[in-house]
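Undergrad: Mind looking at a prediction? Sequence and model below.
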Amino acid sequence: MREFAKISRLNRRQFLISATAAAGFLSLIAGRADADAPALERSKQFEETFAKLTRGATPVANKITVDLPELADNGNFVPITMIVDSPMTDADYVKAIHLVSTANPVALVATFHLSPINAIARVQSRMRLAKTQDVIVLAELSSGQMLMSTTMVKVTIGGCGD
Amino acid sequence: MAANPRIKLPDSAKIGDVIEVKTLITHVMETGNRHDKYGKLIPRDIINTFVAKYGEAQVFRAEFGTGISANPFVSFRMRVPGPGVFEFAWTDDHGVTTVATAPLTLT
């Protein structure tokens, strides 16, 4: 009886260890699957536009909040809100917000020019998305620094061609 | 053709308030990528520039590409510097500018 209890406790422990290991392994597989998802295609024109806007520098992925639907049923009409965390003072403000699409026929969707009088760097508009892609928002600060935000939007019906 | 400019301002504001300015204008924003029923390419025709002035000062400007939706809508914020009148101007690919003005009511 004593012997049995010992064995069973051991088994239970072994079971817990193996279960934990299995769970860890499964989550590892799930993580891998995500990383292995095909990267979204980015047009050559996007790469050129991006290089021109950033002048070759790498923007900091920081301080921009972009509100876009995760899934756009109609790519002709996708509402977007861009908010840059900035004091908007004469010394430190957002000069421009560039809205760039990675897979539209024309990559540069719009440029919005701001100044300290705007007080809050928040711009809303409506954009077209030809297909599922990343939407990139670049904020150009008065200091010359560039900030960036990337948002993926799945598009059901494209909004650029016929 | 741009038509029917619509402007939404708060009913009233105080000097120093940050207000939201919403604008919308009716325009097809033809991308230049679409074909008509005979298969002919429809030429590009978009509003490419939007300028907002308050009094004499420019308070906001935007350059649009073909990726902006038809009937372009823009909303931005502004700190009220004093009494004044807004003047909004939309310019299309033909160089035609549509202007709309709206006074801001101060309390």
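TA: Alright, I've got the coordinates.
Undergrad: Could you tell me which residues within the strand ranked longest in chain A count as buried?
TA: Determined from DSSP state E, the single longest strand within chain A is strand A:146-157. Using 16 or more other CB atoms under 10 Å in any protein chain shown as the burial criterion, the residues of strand A:146-157 that qualify are A:Met146, A:Leu147, A:Met148, A:Ser149, A:Thr151, A:Val153, A:Val155. Bear in mind the C-beta positions are built from the backbone N, C-alpha and C, glycine included.
Undergrad: what does stretch A:85-102 give?
TA: Neighbour-count burial for stretch A:85-102, with 16+ other CB under 10 Å as criterion, is recorded at A:Ser86, A:Met88, A:Tyr93, A:Val94, A:Ala96, A:Ile97, A:His98, A:Leu99, A:Val100, A:Ser101, A:Thr102.
Undergrad: For the second one, give me its contacts.
TA: To tie it back to what came earlier, the one meant is A:Met88. A:Val94, A:Leu114, A:Pro116, A:Asn118, A:Ala119, A:Ile120, A:Ala121 (CB atoms under 8 Å, 6 or more residues apart in numbering or on different chains).
Undergrad: Quick check: A:Pro116 touching A:Val94?
TA: No. If you go by CB atoms under 8 Å, A:Pro116 and A:Val94 don't touch, sitting 9.4 Å apart.
Undergrad: Contacts only, for B:Ile47.
TA: B:Ala2, B:Ile25, B:His27, B:Met29, B:Phe64, B:Ile68, B:Pro72, B:Trp90, B:Thr91, B:Asp92.
Undergrad: Enumerate the residues of chain B near chain A.
TA: B:18, B:22, B:31, B:33-35, B:54, B:57-70, B:72-79, B:81 (CB under 8 Å from any CB of the partner chain).
Undergrad: Under a three-state scheme, what state does whichever residue of chain A sits closest to chain B occupy?
TA: The nearest approach of chain A to chain B comes at A:Val109, 3.3 Å away (CB to the nearest CB). Judged by DSSP: H, G, I helix; E, B strand; the rest coil, the three-state class of A:Val109 is strand.
Undergrad: Per-residue pLDDT of the closest residue to it other than its chain neighbours, please?
TA: In this structure, A:Val109 finds its nearest non-sequential neighbour in B:Gly67, 3.3 Å apart by CB to CB, 6 or more residues apart in numbering or on different chains. B:Gly67 carries a pLDDT value of 96.
Undergrad: repeat for the one 5 residues further on
TA: The confidence metric pLDDT takes the value 97 at B:Pro72.
Undergrad: give me every residue that touches it.
TA: B:Pro72 neighbours (CB under 8 Å, 6+ apart): A:Ser125, A:Arg126, B:Leu24, B:Ile25, B:His27, B:Met29, B:Ile47, B:Phe50, B:Phe64, B:Trp90.
Undergrad: Show me what from chain A comes close to chain B.
TA: Residues of chain A lying near chain B (CB under 8 Å from any CB): A:76-78, A:99, A:101, A:104-106, A:108-115, A:117-129, A:159-162.
Undergrad: Strands - which of those residues land there?
TA: Using DSSP E, the residues of chain A next to chain B in strands are A:78, A:99, A:101, A:108-113, A:121-127.
Undergrad: okay, among those residues, which ones form the most distant pair?
TA: Pairwise distances across these (CB to CB) peak at 22.0 Å, for the pair A:Val78 and A:His113.
Undergrad: out of those two, which sits in the more crowded spot?
TA: Taking other CB atoms under 10 Å in any protein chain shown, A:Val78 and A:His113 do not tie; A:Val78 has more neighbours (21 against 17).
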